[in-house]
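Peer 1: Quick one, what's the 3D model for this:
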Amino acid sequence: MSANTDGTAPEKSGSKDAGTRLTILVALGANLLIAVAKAVGGVFAGSPALLSEAAHSVADSFNEVFLLAALRRSRRPPDRRHPFGYGKERFFWSLLAAVGIFVMGGCFSVFQGIEALRSGANESHSGYIAGLVVLGVAFLAEGGSLLRALHQVRGQPGGGIGRDPALRTVVAEDGTAVLGVALATAGMALHMATGQAVWEGSASLAIGVLLGYVAYRLGKDARDQLIGEAVDPEMRDRIRALLDAQPEIDSVEALLTMRLGTDSALVAARIDLAPGLESEEIELVCERIKDSVTNIWPDADQVFLDVTDAATADARKPGR
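Peer 2: Just a heads-up that it's a prediction; the model follows:
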């Protein structure tokens, strides 16, 4: 016998995303502003490090657009083709953002660094000054955006940054941008002090490697969530303890969980009930147990209970 919740879940309120949306819009505005400033300053100064940072900001701007699309599309209500909703849209668009960071930011930065090391080009003194001024403005803009994102993280309940891939991506982008500006500034300053272009080329390469690493980590997280990542072990243990504590349950043969979105999860349990329960009692018990799971963890909006005989379930225990 199998008992489960309603096939559809109510639409989650988009108001939960208001703070994250504002954080993304702040980051988008900052990135658009400094992308133009870096590009103009990089061309004027002939600076590969500054041009690498311009590519970085352009990549971040595209990614912010991806993340805004993720917020909107992930809140669509369930339908016949997607009965569990569209929560994983957020993971998909976060994966695209990671690819954008690698291709548009990391690869271009590495290319600029290699070209600078090969050519050994020098800038004029006015170019240095213009580039450093642009980087100073960029540091303030990126730092302000990062502070806004960290403020949003502090306001997150429970899992904080780890639960929202859009917010995690913005924090990673802004943090990387601040480090990138520091690397570019160091490269330009050393180039200015020594007259050796190798410093700026090395800074551009370092920015490219940094972007590649961040893209890899964000892409790996998004991949895990798209494949079907289980809930936190602590929460899984709490759910299992609740099931074990029910007097009507003799044993929990299997417990499987999967995140369906930032605030939506599936819980499926195969349970062996105590003998002697009538069919009407079994239905009431299952409903009460599902309500108890949802009470301790509201994100568990899809709860399925499979009532089985433990003697015949020994051969199918993948989640025990």
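Peer 1: Quick check: buried residues in the helix or strand encompassing Gly19?
Peer 2: According to DSSP states H and E, Gly19 maps onto helix 18-45. Applying a neighbour-count criterion of 16 or more other CB atoms under 10 Å, one finds 19-20, 23-24, 26-28, 30-32, 34-35, 37-39, 41-42, 44-45 buried in helix 18-45. For glycine as for every other residue, the C-beta is placed from the backbone atoms N, C-alpha and C.
Peer 1: now stretch 278-286
Peer 2: Ile282, Val285, Cys286.
Peer 1: Contacts only, for Ser57.
Peer 2: By CB atoms under 8 Å, 6 or more residues apart in numbering, Ser57 lies in contact with Asn31, Leu32, Ile34, Ala35, Lys38, Ala138, Ala177.
Peer 1: Looking at the helix or strand harbouring Met188 now, give me its mean pLDDT.
Peer 2: Here Met188, judged by DSSP H and E, is contained in helix 165-194. Average pLDDT, helix 165-194: 85.
Peer 1: what packs against that helix?
Peer 2: Under the contact definition 3 or more CB pairs under 8 Å, 6 or more residues apart in numbering; DSSP states H and E, helix 165-194 sits against helix 18-45, helix 48-74, helix 89-100, helix 125-154, helix 198-227.
Peer 1: quick revisit: what angle do helix 165-194 and the helix holding Gly19 make with each other?
Peer 2: 20 degrees (axes from the mean of the first three to the mean of the last three CA atoms, to 10 degrees).
Peer 1: If you tally nearby residues, what's the number for Val178?
Peer 2: Neighbourhood size, Val178 [other CB atoms under 10 Å]: 16.
Peer 1: could you dump the helices and strands packed on helix 165-194 to a markdown table with distance to Glu234?
Peer 2: As requested, the helices and strands packed on helix 165-194 are exported to a markdown table (distance: least, CB to CB, whole Å):
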| stretch | distance to Glu234 |
| --- | --- |
| helix 18-45 | 24 |
| helix 48-74 | 25 |
| helix 89-100 | 21 |
| helix 125-154 | 20 |
| helix 198-227 | 18 |
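Peer 1: just those: most buried one?
Peer 2: Compared across those, helix 48-74 shows the largest average neighbour count, a mean of 25 (mean count of other CB atoms under 10 Å).
Peer 1: gap between that one and the chain center?
Peer 2: 14 Å (CA atoms, centre = their mean, to the nearest Å).
Peer 1: Just want the angle from that helix to helix 18-45.
Peer 2: 160 degrees.
Peer 1: ok and helix 48-74 relative to helix 89-100, angle-wise?
Peer 2: Going by the same axes, to 10 degrees, helix 48-74 makes 160 degrees with helix 89-100.
Peer 1: what's the average pLDDT for helix 48-74?
Peer 2: Helix 48-74 comes out at a mean pLDDT of 81.
Peer 1: Stretch 292-301 now?
Peer 2: Per-residue scores along stretch 292-301 average to 87.
Peer 1: picking up where we left off before, mind listing what's buried in the helix holding Met188?
Peer 2: Those would be 165-174, 176-181, 183-192, for helix 165-194 by 16+ other CB under 10 Å.
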